[in-house]
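>>> heads up, no residue letters with this:
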Ligand SMILES: [Zn+2]
């Protein structure tokens with residue numbers, strides 16, 4: 001044990017250390033080192049050199065004076081074990097230097113889910129928070145919100161998410177995130193998330209748009225008027241199209257609403273010019289197995305898209321809920337962006353019971369990422385059950401293993 005006190009801290013900082021009396025340093029290290037051609041014996045000297053971060057580390061050195069390189073298979077584990085051993089040996093100010101470095105890389109911004117035969121992928125556009133002043137309700141209700149926010153400052157956290165549906169025949173994007181048209185650069189990661197999920201913008205055949213607010217269509221078009229999805233046909237409700245793209249209505253709109261009209265027109269323009277902008281006014285079929293669900297109130301032509309496959313259903317519900325911790329318990333709470341708040345609340349009151357009853361999977365652009373979940377009745381309102389995480393694509397989902 002006295003050897004341990006001699007471990008020089010500055011060498012540890014350089015990720016190189018000489019180890020004596022290997023057997024002293026723990027069973028895990030012994031076991032890992034025994035994978036070497038010459039198993040280390042008592043008194044063996046092992047100099048190791050660690051290159052890169054632990055997940056990609058290469059461990060090389062000498063063992064009893066002979067060149068030693070950990071087999072690739074054990075290299076990562078060896079690097080981690082060596083670091084752990086070193087950290088456990090060092091006391092005092094050097095200890096912090098020996099700790100594993102933090103790794104700030106995150107997982108890519110997508111999450112896939114199977115709904116019948118459909119592959120549905122949530123595409124992260126960015127994290128967001130809903131401003132409490134954007135919520136509208138009775139004075140008493142708003143007082144409760146302020147109080148709850150005081151106790152939990154994350155109560156209004158949400159996300160910007162768009163969704164991709166691969167039907168096997170067509171690649172369909174539902175909404176397109178903010179791009180650079182909303183949020184001052186805080187969003188706009190959709191295309192990157194799409195590529196991370198294994199697709200390219202050129203592969204998208206259709207874009208179904210729930211409504212023409214910039215945070216749902218901004219990702220369609222660059223600021224210089226280029227189509228991000230050059231091969232996609234875009235579909236939007238006629239009532240939505242005729243409202244936001246009307247110069248007459250725009251001219252009469254209040255000043256703070258002007259930017260929504262301007263962005264909708266600029267984003268739509270290159271698709272209209274290319275003949276790739278389409279409207280629907282009833283229940284015309286656009287995609288096999290998908291039907292249109294008019295959800296008016298938030299905007300005049302606000303529309304959900306409900307896909308069914310093998311008795312499973314998923315509804316892309318647009319802006320039915322902006323603040324999940326408030327509006328699911330209290331569906332009567334509206335938002336300042338609702339063009340017709342009474343209709344928006346009525347739509348919510350009509351829709352939520354059906355979704356809870358029919359066990360429909362919901363894809364919500366502002367729910368916490370990945371924005372996929374189900375509703376359960378809870379008291380006089382609803383609670384949100386996110387889809388369970390899995391790191392595998394399960395073709396035929398078995399019953400979950402009990403734990
Ligand atoms: Zn929105």
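Arrived safely. Every value quoted in this text rests on a predicted model; they were computed, and no experiment measured them.
>>> for this protein, longest strand please?
strand 118-129 (DSSP state E).
>>> So which elements touch whichever helix or strand comes after that strand?
Moving toward the C-terminus from strand 118-129, the next helix or strand (DSSP states H and E) is strand 135-136. Applying 3 or more C-beta pairs under 8 Å, 6 or more residues apart in numbering; DSSP states H and E, one finds that strand 135-136 makes contact with helix 139-151, strand 334-335. Where you see a C-beta, it was placed from the backbone N, CA and C, and this is true even at glycine.
>>> Could you look over the ones you listed and pick the most buried one?
strand 334-335 (a mean of 21; mean count of other C-beta atoms under 10 Å).
>>> Is any residue of it near the ion?
No. Using C-beta under 5 Å from the ion, strand 334-335 stays clear of the ion, coming no nearer than 9.1 Å.
>>> And the next helix or strand past that strand?
helix 341-358.
>>> Mind giving me the packing neighbours of that next one?
strand 334-335, strand 372-378.
>>> Of all those, which one is nearest residue 311?
Among the helices and strands packed on helix 341-358, the nearest to residue 311 by C-beta to C-beta is strand 372-378 (15.1 Å).
>>> Tell me the helices and strands packed up against that closest one.
For strand 372-378, the packing partners by 3+ C-beta pairs under 8 Å, 6+ apart are helix 341-358, strand 361-363, strand 381-386.
>>> In its sheet, which strands sit next to the shortest one, and in what direction?
Same thing as strand 361-363. strand 312-316 (parallel), strand 372-378 (antiparallel) (DSSP bridges).
>>> Just want the angle from the last one to strand 118-129.
For strand 372-378 against strand 118-129, the angle by axes from the mean of the first three to the mean of the last three C-alpha atoms, to 10 degrees is 70 degrees.
>>> In strand 372-378, which residues are buried?
By neighbour count on 16 or more other C-beta atoms under 10 Å, the buried set for strand 372-378 is 372, 373, 374, 375.
>>> Distance-wise, check the third one relative to the ion.
Shown here: residue 374 relative to the ion, a distance of 21 Å by C-beta to the ion, to the nearest Å.
>>> Which residue is the nearest non-sequential neighbour of that residue?
Residue nearest to residue 374 in three dimensions, not counting chain neighbours: residue 385, with 4.8 Å by C-beta to C-beta, 6 or more residues apart in numbering.
>>> Read off the pLDDT value for that neighbour.
Note on residue 385: pLDDT of 96.
>>> follow-up on the earlier one: okay, the helices and strands packed on helix 341-358 in TSV with mean pLDDT next?
Below are the helices and strands packed on helix 341-358 laid out as TSV (pLDDT from 0 to 100):
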stretch	mean pLDDT
strand 334-335	96
strand 372-378	96
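>>> Take those and write them to JSON lines, including distance to residue 199.
Listed next are the helices and strands packed on helix 341-358 as JSON lines, based on distance: least, C-beta to C-beta, whole Å:
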{"stretch": "strand 334-335", "distance to residue 199": "32"}
{"stretch": "strand 372-378", "distance to residue 199": "18"}
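>>> how about these, which one is nearest residue 349?
strand 334-335 (11.5 Å).
>>> anything in the longest strand of the chain near the ion?
No. Strand 118-129 lies apart from the ion when judged by C-beta under 5 Å from the ion; the minimum separation is 9.2 Å.
>>> That strand - which strands sit beside it in the sheet, and in what orientation?
Here, using DSSP bridges, strand 118-129 pairs with strand 110-115 (antiparallel), strand 157-166 (antiparallel).
>>> so which of those is the most packed in?
Of these, strand 157-166 is the most buried (mean count of other C-beta under 10 Å), at a mean of 23.
>>> Would you mind checking the average pLDDT for that strand?
On average, strand 157-166 scores 97.
>>> Okay, now stretch 313-331: how far is its last residue from its first?
Stretch 313-331 has an end-to-end distance of 22 Å (criterion: C-alpha to C-alpha, to the nearest Å).
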